[in-house]
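# could you look at this predicted model? Sequence included:
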Amino acid sequence: MNDEHDTALPMQGSKSRGSDPVVEVDEVLPNRAIKTAPLEWLVEGYNEASERFGGAASDSDPSGKDKFKSLFEALNWAVSIDDYLKAKKIERPDAFVALRFVRNRVHHHWAAALERRDLPGITQAIHGQSRIVRGSFFDWSWLSISDLPDGENDKGEALYESLLAEKPVRAALDEIKRFLSRFQ
């Protein structure tokens, strides 16, 4: 350890001595090419999370726990894909900005961001004047902006308000899925 070029690092839990050399990251991990995951893998991850949201077993669970977990994952995939596309200078729909806004509220402030909304039953005319009324059903919608916690960055708030707030979650996820289909 007396050699000034020695790059040994102190072991975890060991006491550092003043004479231990300062190690630059380059010395420990030599420069090398960084391999990135292809966009197709990111898109596949997003699609799988989005599908889990659409088919989550919590459809009968008013708490929305399974829906939340799959939405959390889909939002994180969407932001990663947005970063990738931005780095490649590929134009993307405004929905990405709105999703990033809500993802930040979910990720950094633990906002549930969705609520179960009961929708009225459907009345369908059959054989002239006979009618069949199908029971009420529900869907999961984004929270209104006032129901989300404040954050440090409001970028995308206006787009969230106009594109997502109080609208079905599935519609936004499907819009991104359609956009991403060109990259598969």
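Alright, I've got the coordinates.
# any idea where the strands of this structure begin and end?
Using DSSP state E, the strands of the chain run over residues 114-119, 122-126, 130-134, 137-142.
# and the nearest residue to His109 once chain neighbours are set aside, what does it touch?
Sequence neighbours aside, Pro149 is the residue nearest to His109 in space, at 4.2 Å (criterion: C-beta to C-beta, 6 or more residues apart in numbering). Quick note: C-beta positions are derived from backbone N, CA and C, even for glycine. With contacts defined as C-beta atoms under 8 Å, 6 or more residues apart in numbering, the neighbours of Pro149 are Arg105, His109, Ala111.
# the closest residue in space to the last one that isn't next to it in sequence: neighbour count?
Spelled out, it's Ala111. Using C-beta to C-beta, 6+ apart and skipping residues adjacent in sequence, the residue nearest Ala111 is Arg105, 4.3 Å away. Using other C-beta atoms under 10 Å, Arg105 has 21 other residues around it.
# and the gap between Arg105 and Phe138?
23 Å (C-beta to C-beta, to the nearest Å).
# next one: Pro149
Distance, Pro149 to Phe138, by C-beta to C-beta: 24 Å.
# cool, and Ala37?
36 Å.
# same check on Leu164?
18 Å.
# higher neighbour count, those two?
When neighbours are counted by other C-beta under 10 Å, Leu164 comes out ahead of the other of Leu164 and Phe138, with 24 against 13.
# ok, Glu115 - contacts?
Gly64, Trp140, Ser141, Leu143, Asp147 are the contacts of Glu115 under C-beta under 8 Å, 6+ apart.
# can you pull the pLDDT of the nearest residue in space to Asn104 that is not next to it in sequence?
Nearest residue to Asn104 in three dimensions, chain neighbours excluded: Gly151, at 5.8 Å (C-beta to C-beta, 6+ apart). You'll see Gly151 listed with a pLDDT of 88.
# got the phi/psi numbers for Gly151?
Main-chain dihedrals, Gly151, degrees, to the nearest 10: phi -130, psi 180.
# let me see the ranges of the helices in the chain.
Assigned by DSSP state H, the helices in the chain fall at 25-28, 39-55, 65-87, 95-109, 157-163, 169-180.
# residue contacts, Leu163?
Asp94, Ala95, Ala98, Ala172.
# for PyMOL, write a command that selects the buried ones of those residues.
The buried residues among these can be selected in PyMOL (16 or more other C-beta atoms under 10 Å) with this line:
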select buried, resi 95+98+172
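# and the contacts of Leu163 as TSV, adding distance to Trp77 and pLDDT?
Below are the contacts of Leu163 laid out as TSV (distance: C-beta to C-beta, whole Å; pLDDT from 0 to 100):
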residue	distance to Trp77	pLDDT
Asp94	18	96
Ala95	14	96
Ala98	15	96
Ala172	13	95
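# which of the contacts of Leu163 sits closest to Ser181?
Nearest to Ser181 among the contacts of Leu163 is Ala95, at 14.3 Å by C-beta to C-beta.
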